[in-house]
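>>> Here is the input, now give the coordinates:
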Amino acid sequence: MTKLWNGKIDSFEEDDLKLWQTVKCIDEAQEKGGVCFVGYDTEDGILRDGGIAGASEGANAIRKALGELPSIKNLKIYEYGNLDKKVLEEAQDEYANKIADIYLRGLFPIGLGGGHDIVYGAYKGIRKVFPNEKIGIISFDAHLDIKSYSEKMSSETSFKKILDEDKNVEYAITGFQRLENSRSLIKNAEEKGVLVLEEEYPEELTISSLKSFIKRMDIVYVTVCMDVFDGGSAPGVSFPTVFGMDSKKGKRILRALLESKKVVCLDFAEINPRYDVASRTSRLASYLIYESMEKLVDIYRFTNWFERIK
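Coordinates of the predicted model:
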């Protein structure tokens, strides 16, 4: 555990504890309630797309930034560790099994990437536990990630594969950048009925559109590709975005999604510490995760949440 979580100690008084001091191994979870981190520390999918190396270090970078923040009262936090498998297909299978196990232990999973191919692994884990529910996947991303996988799976193919395989899934994207996507990808999205919300859309329109989307779903999985944010706020990604989403806007949209009480899984992907500046990107992710955990405690209170677990 100390290899993943460590940092400064102010004191051992409750009000002085850092978040890293409160994290426990998942095997210590004796009762339902709380969140569990799981690392998807592979960049195989990114490299298959011709991206740059370094995203495999993202999960630990998020942990480092997150661990320095204050502890959260009334929240139990657990850790499932990183992957043993690094090849994309094997990594997705291992990750899916971990996500399913987290649910069965009565915990809320928060994934730390790694490539955005984390999405297919998360989906498979969710579907193991929720076999019949209509799943809504909401992605914060500049890119549709709906490329053909006929030749190979990569970090940009997960959504097409999911939508091809499962007719009980719908996909929405916010932060979309038209100039970052080919016409064929946009056509693929149109054919699949994807709800595409461009980055420049007013915040109120985006939130209202996503709330309408959520109403049709039984459960919701939210995934955040950190390249959705403007390159000045999130320079440490494989594909930095020009004119990206404002981080405060992203925070407010994420908060609105959690308020639906339908979100069952959350993850953050595509952080590349090798190209980060003053840890801006990992710190941004850590703040979004921290506020999400506070929101989970406030809204879910981890009571009715567990009635969903079969």
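
>>> From now on I want contacts and neighbour counts done on CA atoms only, so please keep to that.
OK.

>>> which residue packs closest to Ile52, ignoring adjacent ones?
Closest residue to Ile52 apart from its sequence neighbours, by Cα to Cα, 6 or more residues apart in numbering: Ser238 at 5.8 Å.

>>> Kindly confirm whether my reading is correct that that neighbour touches Ala55.
Yes: using Cα atoms under 8 Å, Ser238 is in contact with Ala55, at 7.4 Å.

>>> ok, these two, which is more surrounded?
Using other Cα atoms under 10 Å, the more surrounded residue of Ser238 and Ala55 is Ala55, with 30 against 24.

>>> Just give the closest residue to that one, not the sequence neighbours.
Excluding its sequence neighbours, the residue lying closest to Ala55 (Cα to Cα, 6+ apart) is Asn272, at 4.3 Å.

>>> for the stretch 101-250 of the chain, which spans come out with low pLDDT?
For the stretch 101-250 of the chain, no stretch has pLDDT under 70.

>>> quick one, what contacts Asn168?
Residues near Asn168 by Cα atoms under 8 Å, 6 or more residues apart in numbering: 133-135.

>>> So which of those residues sit within strands?
Of those, the ones assigned to strands by DSSP state E are Ile135.

>>> Turn the contacts of Asn168 into a markdown table, including neighbour count.
As requested, those are exported to a markdown table (neighbours: other Cα atoms under 10 Å):
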| residue | neighbour count |
| --- | --- |
| Glu133 | 15 |
| Lys134 | 18 |
| Ile135 | 27 |
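
>>> Out of the contacts of Asn168, flag the one nearest to Lys86.
Among the contacts of Asn168, Ile135 lies closest to Lys86 (Cα to Cα), at 26.8 Å.

>>> ok, the residue nearest to that closest one when sequence neighbours are not counted - how many residues close by?
Once flanking residues are discounted, Ile135 sits nearest to Val169: 4.8 Å by Cα to Cα, 6+ apart. If you count neighbours by other Cα under 10 Å, Val169 ends up with 19.

>>> right, and Val169 touches Lys161 too?
No: counting by Cα under 8 Å, Val169 stays clear of Lys161, with 11.1 Å between them.

>>> Tabulate the contacts of Asn168 in CSV, adding columns for distance to Ile126.
What follows is the contacts of Asn168, written out as CSV (distance: Cα to Cα, whole Å):
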residue, distance to Ile126
Glu133, 10
Lys134, 11
Ile135, 9
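
>>> From the contacts of Asn168, pick the one nearest Asn181.
Proximity of the contacts of Asn168 to Asn181 (Cα to Cα) peaks at Ile135, which lies at 24.7 Å.

>>> what sits in contact with each of Ser238 and Ala55?
Listed as contacting both Ser238 and Ala55 by Cα under 8 Å, 6+ apart are 270-272.

>>> from what I can see, Ile138 looks like it's in a strand, true?
Yes: with DSSP: H, G, I helix; E, B strand; the rest coil as the criterion, Ile138 is part of a strand.

>>> wait, what's in contact with it?
The contact partners of Ile138, taken as Cα under 8 Å, 6+ apart, are 171-174, 220-223.

>>> before we move on, the earlier item: residues in contact with the residue nearest to Ile135?
Contact analysis of Val169 by Cα under 8 Å, 6+ apart lists 134-137, 162-163.

>>> Return the member of the residues you listed nearest to Asp15.
Lowest distance from Asp15 to these (Cα to Cα) belongs to Ile137, with 36.8 Å.

>>> Near Val222, how many other residues are there?
As a burial measure, Val222 scores 22 neighbours (other Cα under 10 Å).

>>> wait, Lys8
Counted with other Cα under 10 Å, the neighbours of Lys8 add up to 11.

>>> pLDDT score for the residue lying closest to it once chain neighbours are set aside?
Nearest non-adjacent residue to Lys8, counting by Cα to Cα, 6+ apart: Glu68, 7.2 Å away. We have a pLDDT of 96 for Glu68.

>>> Contact partners for Glu68?
7-8, 18-20.

>>> So which of those residues is surrounded by the most neighbours?
Of all the contacts of Glu68, the highest neighbour tally under other Cα under 10 Å goes to Trp20, namely 25 neighbours.

>>> which SSE is the residue lying closest to Ile62 once chain neighbours are set aside in?
Nearest residue to Ile62, sequence neighbours excluded (Cα to Cα, 6+ apart): Ser282, at 5.0 Å. Ser282 is located in helix 280-299, with elements delineated by DSSP states H and E.

>>> Many thanks, we can stop here.
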